Structures are given as C-alpha cells and as structure tokens.
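model the following, please.
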Amino acid sequence: SLRLELETERLPSSVWFPEVPFQSLNVATIHGGSAINIVPDRCAVGFGVRLLPGVDVTALLDRIRDAVSSSLGGFPYGLEILSLSPPMELPEASTLFAELSASCESCDSTSTDPAAVSFATDAGWFQELDMECVLYGPGSIKVAHRPNEFVPRADLNVAREALGGFIQQQLL
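Residues are numbered from 1 along each chain as shown. Model (predicted):
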C-alpha cells in the first residue's frame, strides 16, 4: 500500500523523470527457511527505494517504518539501512555546469544538455556539504555495472580534452 501511495505523489523534481516520476519502492529479495518441513526461525525481506531530489528522507523512512510495523501486526522486526545515497539536483543556473559545458563545446560526441538520471552517485553527499557538483564522464550508462563493462578509448580522449580544457580555464 505504501508503494501505491508513493506512485501518486509528485515532487517538483518529478518532471525530470517522466518514466518513473515518484519515489519507487520494490521488494527485491526474500530469504527464509531451510526446508519445506521446518518452521523458519526468521525471514529477511530486502527492498529498495529510489529517492528523487527534494524528498524529505527522514519523513520517508518514518513512513517505511510505519508500513512495515503495521503490516507485521506487532510481530518483532529489525530494519537496517544498508545504503543511503541522497539524490543530487543541480540548479539550472549552475556556473560550474555552464563552464564545464563551454569547455566541452569543441568535443563532437559530448552532450552539454542538462539531463536527469536515475542512478546513485556520491554527488548527493557532496551537495549536503554545500559543494556544487556536476556528473560528467566518458562511456555509456547502458554498459555500466554489467558483464564486460567498458569505456571506448575515443570516449576517454573526449573526456580528457574536455576536462583538460576546463582545468586550464580555471587556472587562468
């Protein structure tokens, strides 16, 4: 029921994620028991949540705890957060983005259009430290974290040129 509630809620950042414009919640793994004729002593359910920029993480965690507690009807449970990656949102007027984009203009295969992506990075943590962040790098996310992951040499050269130009610009 919480997953269905989340599907109806929108944040200002939802417009950047038209395919999934809400906090997604999914049951990902279930482990329990050792044999069909033995009552299991425990069951572990793993679930994932994809956060959108602007979400109140504390409030969302409280909602998750309430949903788990009410669904178990008082049965004891433990809730462990294995990973928390705060979402990152870059203001459209970002100077860092504009300067990096300008240094990339001479690179034929580099897109300098702002985009939204639904994968985790450390940038959200850096933003919480008031650091301006831009996600930039060679290769395609389509082959990331898969067997035979690779980055074409040409993409590395483009990134080297762009970042080298950007660094030189900053040193002047």
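
need the three-state assignment for Val27.
strand (DSSP: H, G, I helix; E, B strand; the rest coil).

then the one 4 residues further on?
In terms of secondary structure, His31 is strand; the call rests on three-state DSSP.

residue contacts, it?
Cys43, Ala44, Gly46 (C-beta atoms under 8 Å, 6 or more residues apart in numbering). Heads up, the C-betas are built off the backbone N, CA and C, glycines and all.

pLDDT-wise, which helix or strand of the protein ranks last?
Sorting the helices and strands of the chain by mean pLDDT, DSSP states H and E puts helix 95-104 at the bottom, at a mean of 79.

who wins for most neighbours among the contacts of His31?
Within these, Gly46 tops the neighbour count with 12 neighbours, counted by other C-beta atoms under 10 Å.

and the closest residue in space to it that isn't next to it in sequence, how far from Gly48?
Distances taken as C-beta to C-beta, 6 or more residues apart in numbering put Thr29 closest to Gly46, at 4.0 Å, once the chain neighbours are dropped. Distance, Thr29 to Gly48, using C-beta to C-beta, to the nearest Å: 9 Å.

check which helix or strand covers the nearest residue to Asp122 once chain neighbours are set aside.
The shortest distance from Asp122 to any non-neighbouring residue, by C-beta to C-beta, 6+ apart, is to Ser85 (7.5 Å). Using DSSP states H and E, Ser85 sits within no helix or strand.

what's the local residue count around Ser85?
14.

also Pro21?
As a burial measure, Pro21 scores 16 neighbours (other C-beta under 10 Å).
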